[in-house]
Structure formats: structure tokens, C-alpha cells
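# give me a model of this one.
(2 chains)
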Amino acid sequence: MNAWASGLRTSLAIILGYTPIAIAFGVAANEIGLSVQTTLLVSGVVFAGASQFVMVSLWATGTPPLIIVLTTLLLNLRHVLYGPLIAPHLRHSPGWQHLLATFGLTDEVFAAATGRVDEVPESDRMAWLLGLEAGAYGAWLSGTWLGATGGAALTTLLPAIAPALAFALPTLFLVLLLPVLQGRVLIAALVAAGVAGIAQFLGMATVGLLAAAVVGPLVALVGSRWRCQQTN
Amino acid sequence: MPTDKLILTLVIGVLTYTLRAVPFFLAARRAPEKPSNGGMLAELLNLAGPALIAALLALAVVPAPAVPERSITFLRSLLALAVVALVYRRIQHLGLLVLLGVLVYGMLLVFMPG
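Predicted coordinates for the structure are as follows:
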């Protein structure tokens, strides 16, 4: 199997999780009166789940454009963390491919790529990542289209199956984490999950994610260095 | 499509892309070597990947304040993830484990309604 197809196969878990969320987005956009073309354009150009929901719901309430831009920007701020962690794994691929690959760097693509990219030979990594992103993007667009055109049938079916299918995403995160949970990584993951979980409970998810990315690794690193000093 | 909505969509799309692409290119230019080559920053970067995945997991599992029946939703997620973690000891297949998580969570939705 070539690297692109292998990446596409890895994206199956993301496809499973994205499809119901994208359908829900299509249904929500349809319910507030957006045309199918507009809904597809939003999914195709923005490709960022939570901020798309916020964006169209703010549209519907007549919020000023500047507020919509700033709100979605704040929601997507976490994406600045992903590039620096993925870039070192892709340094042998040409720059134009980087332009393409960074478009699809969503939360779930980042998680799958971080967890799996080291298992792929260096020369195949970009093709593998583009395959992974193609699966995710395809699912996002086709789910949006289904939701926007599906109408009443989907509106009644979706509440019954969407929560179960959407659980593919937390399962994917767990399965990617399990092989590396030991030593300092375990500490970093536990602290980061704690920080993000508390922030989510308080309704501050974006701030929590940014804080978790800093606090988790710092606590793990300082802790391990302190233990080293104690034993020496 | 109204022009104002088209422009707004394009602006948000470009800004979202910028947030993803600019840090990537800055990192690619400044640090061409793998982050595992030593140094405190490199160690932090090595830990940041799993920490971010763990944080994303927490965000997916802990219900936001707007979610009704938060405790039962949280409990369902924990139970389903616990089953996946237990099965992981025997089966290490990404796709099968994700399907298992979906199935278990679906069953819990039926047997532990909110």
C-alpha cells in the first residue's frame, strides 16, 4: 500500500467522527436559512468544526462581522500550536506541499499525525499526511453536504446516532495516547488533561488547551529534573 | 450568496489558515532538526505533542457547561474509554478500537439514558 493510501486508511477513525458532526453542521446551517452552496463554502474554506458552528450561529443573530471574525479567531487560536510540532517531521518535503498540508491541520489530524508520523518512513511522510487530511476533508465536506440537503429525515435520525459516532474522536485520542503513556509523557499528559478538563468544565476550552500545552510539559520536565537532582 | 457573507467566509478561512500555516513555516525555518536532539526546548516540544492530545481528549470527554446531564454524559464517556483501554492490552488496532469505542458508547446511550 502506498503512503497516501495508508494515510487515508488511518483517517477512517477521523471520518467516523467527523461525518456526524459535519452532518449536524449542515443541518444547523440549513435551519438558519443558509443555502447549500454557502454552507459548503464555509466548510470548504474554513474547515474548523467548532468555529463554523459559532460563525453561522452568530450570522443568524446579526452579530457585527468584526465580532464574528474575532470570535472565530479566538476559537482557532489553538491551531498555532500544531505546526511547530509537525514541521520537524516533514523537513524533507517541498515547500508547496507544506502549503497544502497546513490547510488540513485540524485538531484530529494533528493528533493522528503526531501519534503515527514516526512510524512512516521519512520520505513518505508528506504523502501519508496528505492522505490522512484528504480523508478528513472529504468526510467534512460530504457530511456537510448530506446535512445541508438531507432535510427532515436527517434531523430526526441524527440525534439518535450522532453522539455515538462522534465518540470516535475521543476514542481516537485515547488510542493514540496509550502507547506513549509512560514516565514524563504520562505526567505531561495527566497534567495537560487536568488543566484542559477543568477549563472545559468552566467553559474556557480554548484558554484551557493553550494552558495545557504549556503547563503539562513544563510540570513533567521540571518534575523529572528535580527527581534526577534528588537521586544524584 | 450575499457578497458580505462571501467576504466574511473568505476572511475567516484565510485567518484560520494563517494560524495553521505561519507557525509551521516559522518552525520549519528555525528548527530544521528533529525536536528529539536534546535541549530543554526540544524536550518540551517532545512532551507537548502527547500533552496536546491528552488535552484534546479531556475537552472531548468533559462536557461543556451548556451540555445537559453533564455527569451522566461524563460517566458514559469514562466507561467507554475504560473498556477501550482494557481491550487495548490485547488488541492494538486503531480502527478496531475506535469502532469498539463507538459501539460501547452507543450501548451506554441506550442503557444509561440521561
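# show me what the helix or strand where B:Ala80 lies is in contact with.
Remark: B:Ala80 resides in helix B:70-88, with elements defined by DSSP states H and E. The contact list for helix B:70-88 (CB atoms under 8 Å, 6 or more residues apart in numbering or on different chains) reads A:167, A:170-171, A:174-175, A:178, B:60-63, B:67, B:97, B:100-101, B:104-105, B:108-109, B:112, B:114. (Each C-beta comes from the backbone N, C-alpha and C, glycine too.)
# dump the residue contacts of the closest residue to A:Thr10 other than its chain neighbours.
The spatial neighbour of A:Thr10 that comes closest, neighbours along the chain excluded (CB to CB, 6 or more residues apart in numbering or on different chains), is A:Leu132 at 5.5 Å. Neighbouring residues of A:Leu132 by CB under 8 Å, 6+ apart: A:7-8, A:10-11, A:14, A:104, A:109, A:112-113.
# next one: the closest residue to A:Ile15 other than its chain neighbours from A:Leu158, what distance?
For A:Ile15, ignoring the flanking residues on the chain, the nearest one in space by CB to CB, 6+ apart is A:Ala139 at 4.1 Å. From A:Ala139 across to A:Leu158, the span is 15 Å (CB to CB, to the nearest Å).
# ditto for B:Ile53
27 Å.
# more neighbours, the two?
Neighbours per residue (other CB atoms under 10 Å in any protein chain shown) separate B:Ile53 from A:Leu158, with B:Ile53 holding more: 26 against 19.
# say whether chain A is contacted by the host helix or strand of that one.
Assigned by DSSP H and E, B:Ile53 belongs to helix B:40-61. Yes. With CB under 8 Å from any CB of the partner chain as the criterion, chain A is reached by helix B:40-61 at B:40, B:43-45, B:47-61.
# for the residue nearest in space to the middle of chain A, what are phi and psi?
In chain A, the C-alpha nearest the mean C-alpha coordinate belongs to A:Asp107, at 1.9 Å (CA atoms, centre = their mean). Torsion angles at A:Asp107 (phi, psi; degrees, to the nearest 10) stand at phi -50, psi -50.
# tell me the contacts of it?
A:78, B:56.
# for it, report the pLDDT, please.
pLDDT, A:Asp107: 90.
# the bottom helix or strand of the chain by mean pLDDT?
In the absence of a named chain, this looks at chain A. Least confident helix or strand, chain A: helix A:152-166 with a mean of 74, by mean pLDDT, DSSP states H and E.
# right idea, wrong chain: chain B
helix B:40-61 (a mean of 86).
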